[in-house]
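1. Below are the sequence and a predicted model for it; my questions follow.
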Amino acid sequence: LIAEARGLVAQMTLDEKLGQLNQAPGGRSKSLNSKLTPEELEKVRRGEIGSYLHVAGAEPLGELQRVAVEESRLGIPLLFAMDVVHGYQTIFPVPIAMAASWDPDDWAMAARISADEATSAGLHWTFAPMIDIARDPRWGRIVEGAGADPYLGSRMSVAQIEGYQGGDLGRSDTMLATAKHFGVYGAPTGGRDYGSADISEQTMMEVYLPPFYAATQAGSATMMTAFNDIAGVPTTANEHLVDGLLRGKWGFDGMIVSDWNAVAELINHGVAETREEAGVLALQ
């Protein structure tokens, strides 16, 4: 498979390579699939899109996939993604409540049911679990994670990944899990979301990163970088953290995806002046 992938990459134009890195929104909330227009099909034919988020439904996604496989130059299938966080059709308690059960098996079962339902609607990929440790009650995203304890967070991280991925991603009822948000997202100064985290390396390694290491060991297919910076270095451009620690020391070999518009927001962080510079930093 690796040889086949390399052979495919060797055939790609630069634009097609960039297309595979491009995840397009297909809609959001009540306007789900609203952007899946004839113009979108043309982009797929030209190889300008590698994956979609905020899409669902076997029929519309089936047509997109048909165009990608049968009418694009290289025939590379699309990936379809959605935030399936605590249920798809069957809705389970919010993550902090699931963690309060202290029962990893319950969460694994909920993730398994969610994956079964979501894949029936044509989805391949969820942006869950959120495994950020949170100890500041002012931070508004505490509800999405497992709370303040690194051990509990690690156990619940593994349970969800095993539930979504089912031990065999070749099965049609399993989906890619995404451990998020890599890089101390749960420790923003003053609880301000997207804000800066300024903590010691010891605290980072002993408190905030254990659930992500556990996710790596559990075989999480993807990892999402965080919006925030750590002591002034934004995670989406943190080569030491992503390439050195996650890829290097931990040996993570899955996909890495940026959070919503986080590459362009490297400009807001002040480390890039243009979108092109931001893209280069993120790729590096």
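-> Cool, the structure landed.
2. Can you report how many residues lie near residue 178?
-> 27 (other C-beta atoms under 10 Å). (Glycine included, C-beta is placed from N, CA and C.)
3. ugh, wrong one, residue 24
-> 19.
4. show me the contacts for residue 204.
-> For residue 204, the contacting residues are 184, 230, by C-beta atoms under 8 Å, 6 or more residues apart in numbering.
5. can you confirm it is in a helix?
-> Yes - assessed with DSSP: H, G, I helix; E, B strand; the rest coil, residue 204 lies in a helix.
6. and the gap between the closest residue to residue 178 other than its chain neighbours and residue 237?
-> Of all residues not flanking residue 178 in the chain, residue 222 sits nearest, at 4.4 Å (C-beta to C-beta, 6 or more residues apart in numbering). Per C-beta to C-beta, to the nearest Å, residue 222 is found 19 Å from residue 237.
7. Between those two, which is the more surrounded one?
-> Taking neighbours as other C-beta under 10 Å, residue 222 and residue 237 compare with residue 237 leading, 24 against 20.
8. Run through the residues that contact that one.
-> Applying C-beta under 8 Å, 6+ apart, the residues near residue 237 are 266, 269, 271, 272, 278, 281, 282, 284.
9. pLDDT below threshold where in this protein?
-> 29-30 (pLDDT under 70).
10. Which parts of the stretch 101-250 of the chain are strands?
-> 125-126, 178-182, 222-225, 229-230, 233-234 (DSSP state E, counting those that start in this stretch).
11. Dump these to JSON lines, plus distance to residue 252.
-> As requested, the strands of the stretch 101-250 of the chain are exported to JSON lines (distance: least, C-beta to C-beta, whole Å):
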{"stretch": "strand 125-126", "distance to residue 252": "17"}
{"stretch": "strand 178-182", "distance to residue 252": "9"}
{"stretch": "strand 222-225", "distance to residue 252": "6"}
{"stretch": "strand 229-230", "distance to residue 252": "18"}
{"stretch": "strand 233-234", "distance to residue 252": "19"}
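12. Buried deepest among those strands, which one?
-> strand 178-182 (a mean of 27; mean count of other C-beta atoms under 10 Å).
13. who does it touch, helix- and strand-wise?
-> helix 210-217, strand 222-225 (3 or more C-beta pairs under 8 Å, 6 or more residues apart in numbering; DSSP states H and E).
14. From the chain's centroid, how far away is the first one?
-> Just to be clear, that refers to helix 210-217. 14 Å (C-alpha atoms, centre = their mean, to the nearest Å).
15. Residue 81 contacts residue 50, doesn't it?
-> No - assessed by C-beta atoms under 8 Å, residue 81 is found out of contact with residue 50, at 10.7 Å.
16. Identify the contacts common to these two.
-> In contact with both residue 81 and residue 50: residue 23, using C-beta under 8 Å, 6+ apart.
17. Who has more neighbours out of these two?
-> The neighbour comparison of residue 81 against residue 50 (other C-beta under 10 Å) goes to residue 81, with 25 against 20.
18. where along the stretch 151-284 of the chain do the helices fall?
-> 201-203, 210-217, 239, 266-269, 275-283 (DSSP state H, counting those that start in this stretch).
19. Leaving aside the residues adjacent along the chain, what's closest to residue 126?
-> residue 84 (4.1 Å).
20. residues contacting that neighbour?
-> Contacts of residue 84 by C-beta under 8 Å, 6+ apart are 114, 115, 118, 123, 126, 127, 128, 175.
21. My read is that residue 246 contacts residue 216, right?
-> Yes - counting by C-beta under 8 Å, residue 246 does reach residue 216; the two are 7.3 Å apart.
22. Pull up the overlap in contacts between the two.
-> Counting by C-beta under 8 Å, 6+ apart, the shared contacts of residue 246 and residue 216 are 223, 252.
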